[in-house]
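Asker: Okay, sequence plus prediction incoming.
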Amino acid sequence: MALITVIGSSGRQGLAQVKKALEAGYDVRAISRQADPFAGYDIPGIDDVEVRPMDLYDTGTYKHALEGSDFVFYTHPLQARADRATLVGDVGKAAAELDVKRVVWNTSSWIPDKPGDAFTYAGNTAGINALWRSGAPGTVFGSVLFMDNLLTNWARPFIVNENRYVYPHNPQLEANWISLDDVARFMLASLERPDMEGAWINIGGPKRMVGKEVAAILTDHFGHEIKYDPCTPREFGDLLASAGGDGVPEEQRKELADGIAAFYEYNNSAPTKPFAVEMDHVYERFPELEGNLETMDEWVPKQDWSESNHRPAFG
């Protein structure tokens, strides 16, 4: 079977890609500087996954990490938002030299129709251009907002311990939340399709929701009221930077918090609505996934909401 190499495999997003690729029957290589990135996870086939190290800031490590790959899945590190065009371009150049069939980039955020939008959105446009110029065949998915964020240590404790759904969305903001498993399914669905080479598309979940609708689903699951209690973007920036723990050096936390705060200020008022996806267009490109993507009310009961359920804050 073809080999998929997953860069960022020890993060939440990469882990879902590894799991779904194994389920689909692919051979999988995990790129991680952790010797055992899957410790504590019960995933069928995980013992057969080869782990190789790679440093995104040292292109000399790329060849050993990627050689022999048929496909490369790349998810950008949150802490390196400003470098996304350079890094994905470097990954593409290495993949081109190694005759990789396709680089699939999950941007973890919306892709604008034109350059110039603020924050990581402009970086996504620049990154797509860098990937196309690298010489590697590529496909890019702009996955807009993850259901799995609710399980992180910046969101879950409020839900479980305080009966509050705390997020920086204004009450009117609409979002197509998507599960990380479904992001991986889109990436896998693109691999054997020539029409997806050189293509980018924004993807989301099947239902567009506002905050009170997410809270209602959580309420139904837990059997008592979970109140939607939106925080400010500034508060959210501080929460997320703190949630990174030792993964975010102290000197970088203020910069990260400031960036997240400004990012959500923009999202709450941008006329482009970066969290809303026109799913009819998505289903035109991927008709096999229409009716088969997880809704929030299907996803929530499947999750482990316990304190012992550790997940990485980022990735």
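Answerer: Cool, the structure landed.
Asker: So what does Arg33 have for phi and psi?
Answerer: Here is the backbone geometry of Arg33 (degrees, to the nearest 10): phi -90, psi 0.
Asker: what's it in contact with, if anything?
Answerer: Arg33 is in contact with 53-55, counting by C-beta atoms under 8 Å, 6 or more residues apart in numbering. Bear in mind the C-beta positions are built from the backbone N, C-alpha and C, glycine included.
Asker: confidence score at Ser308?
Answerer: At Ser308, the model reports a pLDDT of 66.
Asker: wouldn't Leu15 be in contact with Gly40 here?
Answerer: No - the pair Leu15 / Gly40 is not scored as a contact, 11.1 Å apart, by C-beta atoms under 8 Å.
Asker: between these two, who's got more neighbours?
Answerer: Neighbour count, other C-beta atoms under 10 Å: between Leu15 and Gly40, Leu15 has more, with 25 against 8.
Asker: Mind telling me what element the more buried one is part of?
Answerer: Element membership for Leu15 (DSSP states H and E) is helix 12-23.
Asker: same for that helix, what does it pack against?
Answerer: Helices and strands touching helix 12-23, by 3 or more C-beta pairs under 8 Å, 6 or more residues apart in numbering; DSSP states H and E, are strand 3-7, strand 27-31, strand 71-75, helix 180-189.
Asker: Quick one: mean pLDDT for it?
Answerer: Mean pLDDT, helix 12-23: 96.
Asker: buried residues in the worst-scoring helix or strand of the chain on mean pLDDT?
Answerer: Every helix and strand of the chain was ranked by mean pLDDT, DSSP states H and E. The lowest is helix 250-269, at a mean of 84. Going by neighbour count (16 or more other C-beta atoms under 10 Å), the buried part of helix 250-269 is 253, 256-257, 259-261, 263-268.
Asker: pLDDT value on the residue nearest the centre of the chain, please?
Answerer: Nearest to the mean C-alpha position of the chain, by C-alpha atoms, centre = their mean, lies Ser108 at 4.0 Å. According to the prediction, Ser108 has pLDDT 93.
Asker: Now do the same contact list for it.
Answerer: Per C-beta under 8 Å, 6+ apart, neighbours of Ser108: 13, 75-76, 78, 143, 146.
Asker: Any chance of the backbone angles for it?
Answerer: Here Ser108 shows phi and psi, under degrees, to the nearest 10, equal to phi 60, psi 20.
Asker: I'd like the distance between it and Arg52.
Answerer: 22 Å (C-beta to C-beta, to the nearest Å).
Asker: Going by distance to Val28, which of the buried residues of helix 250-269 wins?
Answerer: Val28 lies nearest to Leu256 out of the buried residues of helix 250-269, by C-beta to C-beta, at 30.2 Å.
Asker: how far away is the nearest residue in space to that closest one that is not next to it in sequence from Asp58?
Answerer: Excluding the flanking residues, the one nearest Leu256 by C-beta to C-beta, 6 or more residues apart in numbering is Ala241, at 4.6 Å. Counting by C-beta to C-beta, the gap from Ala241 to Asp58 is 26 Å.
Asker: Repeat that for Asn124.
Answerer: Relative to Asp58, and taking C-beta to C-beta, Asn124 is found at 24 Å.
Asker: These two - which one has more neighbours?
Answerer: Using other C-beta under 10 Å as the criterion, Asn124 and Asp58 rank with Asn124 on top: 27 against 9.
Asker: mind listing what the more buried one touches?
Answerer: Residues in contact with Asn124 (C-beta under 8 Å, 6+ apart) are 84, 107, 109-112, 140, 142.
Asker: if we go to 10 Å?
Answerer: Residues counted as contacts of Asn124 (C-beta atoms under 10 Å, 6 or more residues apart in numbering) are 76, 84-85, 88, 105, 107-112, 115, 117, 140, 142, 200, 202.
Asker: Also Arg52?
Answerer: Applying C-beta under 10 Å, 6+ apart to Arg52 gives the contacts 5, 9, 29-33, 61, 64-67.
Asker: Give me the buried entries from these.
Answerer: Using 16+ other C-beta under 10 Å, the buried ones in these are 5, 9, 29-32, 61, 65-66.
Asker: In stretch 43-52, which residues are buried?
Answerer: The neighbour-count check on stretch 43-52 (16+ other C-beta under 10 Å) flags 46, 49, 51-52 as buried.
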